[in-house]
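Structural data only, the sequence is not supplied:
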C-alpha cells in the first residue's frame, strides 16, 4: 500500500517528462577541422562531441541530431561549413570551429543569421565580442596565461626569458601579447622576441638565436605541430632550459611525439585527467572505452560544449517542431541561464558577456611523460 | 662568431633541403617548361611511404629509402600517364599543365590523408642515427652532413646522367626541341615519362631526408613549405639549371637564417622573396642561367 502511494506520487512527475520528449530532434551543427594540419585538435574535439551527444540522446530528455562538417584547417573552409549549416541544414546552433582564426572569419555569418555559436577551443581575446550570438566554454588564454606565468616565475625563480611565437595565426599572436603583458607585470625581462610561421619545419635559426640570449626559460606561443618540432630541435641544439607554452601545447600527443624532449614543459590548462568530479570520471572512462585512447583538454572542452548546448535546448523546451528561427533565439536566451553546471571542467557558468566562468584552471608540467599539476611550494 | 658559425651550419642544412626539393622541380621544368606544383605532394608521399616501410614492414633504413625512391618514381610515371600526357597529346597550353598539377597535388594530399591520417608522424626512434659533433660551441648533426652529401652527390650524378649518357642526350634533345627530336626518332613520350620518373624519385628521397632531419614533421602537408621556397630557389639559380637549383637552395637557406639572426625574424620570408625580386630585376635568367641556354 505504501509503495503504491509512492508510485502515485511519482507518476505525475514522470508523465509530463515523457510527453515533453521532443517529436523531432533538434539539429546542431558541429564545425570541426578533421582534415588538415589542425586535425590533432579536431580529432579529440569531434570525439568529445560525439560521445556527449550519444550519452545525451540515450538519456532521452532532449533529442539532438548532430551534423558533423569538416572545416579543414583554413578560414575559407570554416566559412563554407557555416554557410552550409546555417542555410541548408537550418541548424539551431553551432559548436566550433577549432581555431580562433576560423572563428573570427566564420562566426560573423552566424551572428548575422541569429544562430548561437558555442566555441569549445577558441581561446584568443575577443571571441564572444564577435557578436551577440557567440559564446564559448574554453577559458580564454587571457585568464590561463597570467596563472602560468605567475606559477612559473615562482617555481623557476624567473628573471629573464626569450619569447618565441607564430606570427601567422590569430590565436598564437593573441597568446603572445598576453604573455608579454604578464611577463612585464611580473618583472621578468624579455631578452629577445623571435617569430616563425605556421607550416615551418626548421626552427634551428630561431632556437640558436634564443640560446645565444641566455634565457632561464623559453616562452612559446605556438600550435601543436610547430610546438612539437620546436621542443625536439631545441634539445638537439643543446638547449636545456624549460619551455613555457600556451594553450596550443595542451595535448598529450605532444608528449608522445616529442618524448623526452617534452620533459619540463609548463602549460596552463583547463582540464587535467585527474580532476576528481563524478562527471569527469564518467567522461574519462566512457571516452577511453569508446576511442581506445586517453582524452585530452580539447576532448573535455568539446564534451562540455555539447553538454551546455544540450542543457540550453532542454531549458528552451524545444519540441523540434518550431521553425529554425524560434529555435535559434530560444537557445540563445537559454544559454545565458547556464550557471554552475557540472562538467568535466568543473562547475562552469556562462557570464553575461557570453564568456565562460571556470573557477578552477590548472598549471601543468610534463614529468615522466605525463602532464601533472605544478604545485607552488 | 660562435653564433654566426652555428647559424651558418643551420643555414646550409636548411638550404640543402631546399636544394634537394629544387632538383626534381627544376628537372621537369628544364625539359618540359612545366612548373609541376604536384612536386610538394610527391615529396610528402615519399616520406609517408618510407614511414610505412619502416613502421609496418619493419624494413631497414636503406630499404625504406630505396622503396620510397621507387614508389615516388612510379608515382611520377603514373602522374605523367594520367595527367600530363593527355594534355600534351591535345596540344594544351602550359597553363593547363600548371593547373592540372595543382589538381593532382590536391588529390594526392587528400588521398594521403585517408591512407596515413593527418597527425604528424615520426620515423621510429633509432632508425635515424642521432649523432652530434661539437666543435667548440658549434653543433653539427650527422644527419645534416648526410643530407648535404646526398644533395651534392645527386647533383653531380644528375649532371653526369644528362651530359654523359645516351639517355641524358635524349632528354636534352627533347628539351631543346620536341618536334625535331621526335622527327629524328627520339621516343618523345618515353623520354618525358623517364623525366617524370627521375624527378619524382628525387622528390620522394627529399621527403625521406626531410622526415629524418625534422622528427615529427612527416605528414601529408609537409611539402607545402617547400613548394614556394623551391620555386624561389630554382628561379634564383636559373630555371632548369641543376647546379643553379642547388646553389639557389643554399643561398635561400643561408639567407633566411642570417635574416633571423641579424635582422628580424618577421622579415624572413619578406627578405627571401625580396632577394628573388632583385634577382629577377637585375638578372632575369637567375644566378647561373644563360639566355636561351638549355643545358638542363
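Nice, thanks for sending it over. A quick note: this is a predicted structure, and the numbers were derived from the prediction, not measured.

rest of the way, CA atoms for contacts and neighbours
Fine.

and the longest helix along chain B, what other elements does it pack with?
In chain B, taking DSSP state H as the definition, the longest helix is helix B:2-32. The helices and strands touching helix B:2-32, judged by 3 or more Cα pairs under 8 Å, 6 or more residues apart in numbering or on different chains; DSSP states H and E, are helix A:204-212, helix B:39-55, strand B:138-141, helix B:142-164, helix B:166-176, helix B:188-213, helix B:224-237, helix B:242-262.

what's the distance between the third one and the middle of its chain?
Looking back up the chat, that one is strand B:138-141. Distance of strand B:138-141 from its chain centroid, counting by Cα atoms, centre = their mean, to the nearest Å, is 24 Å.

try the longest one
Helix B:188-213 sits 8 Å away from the centroid of its parent chain (Cα atoms, centre = their mean).

what about stretch A:192-205, near chain B?
Yes - against chain B, stretch A:192-205 shows contacts by Cα under 8 Å from any Cα of the partner chain at A:194-196, A:199-202, A:204-205.

where's the nearest residue to residue B:144 once chain neighbours are set aside relative to residue A:219, distance?
Using Cα to Cα, 6 or more residues apart in numbering or on different chains and skipping the chain neighbours, the partner closest in space to residue B:144 is residue B:13 (5.6 Å). Taking Cα to Cα, to the nearest Å as the criterion, residue B:13 is separated from residue A:219 by 25 Å.

before we move on, the earlier item: among the residues of stretch A:192-205 next to chain B, which lie within helices?
Mapping the residues of stretch A:192-205 next to chain B onto helices (DSSP H) picks out A:204-205.

Can you redo the residues of stretch A:192-205 next to chain B as a markdown table, where the extra columns are neighbour count and pLDDT?
Written out in a markdown table, the entries for the residues of stretch A:192-205 next to chain B read as follows (neighbours: other Cα atoms under 10 Å in any protein chain shown; pLDDT from 0 to 100):
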| residue | neighbour count | pLDDT |
| --- | --- | --- |
| A:194 | 21 | 94 |
| A:195 | 21 | 94 |
| A:196 | 24 | 92 |
| A:199 | 19 | 83 |
| A:200 | 16 | 86 |
| A:201 | 25 | 87 |
| A:202 | 22 | 89 |
| A:204 | 22 | 90 |
| A:205 | 26 | 92 |
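
residues from the stretch 151-300 of chain A in reach of chain B?
Listed as neighbours of chain B in the stretch 151-300 of chain A under the rule Cα under 8 Å from any Cα: A:167, A:194-196, A:199-202, A:204-206, A:208-209, A:212, A:225, A:228-229, A:232-233, A:237, A:257-258.

Where do the helices of chain A begin and end?
A:2-20, A:39-59, A:75-83, A:100-113, A:141-156, A:170-185, A:204-212, A:224-236, A:252-258, A:278-291, A:297-316, A:324-335.

Extract the residue ranges of the stretch 1-150 of chain A that are flagged as low pLDDT.
Within the stretch 1-150 of chain A, the segments meeting pLDDT under 70 span A:1-23.

tell me which parts of it are close to chain B?
A:35-37, A:39-40.

got a winner among those residues for most neighbours?
For the residues of the stretch 1-150 of chain A next to chain B, neighbours were counted by other Cα atoms under 10 Å in any protein chain shown; the highest total belongs to residue A:37, with 25 neighbours.
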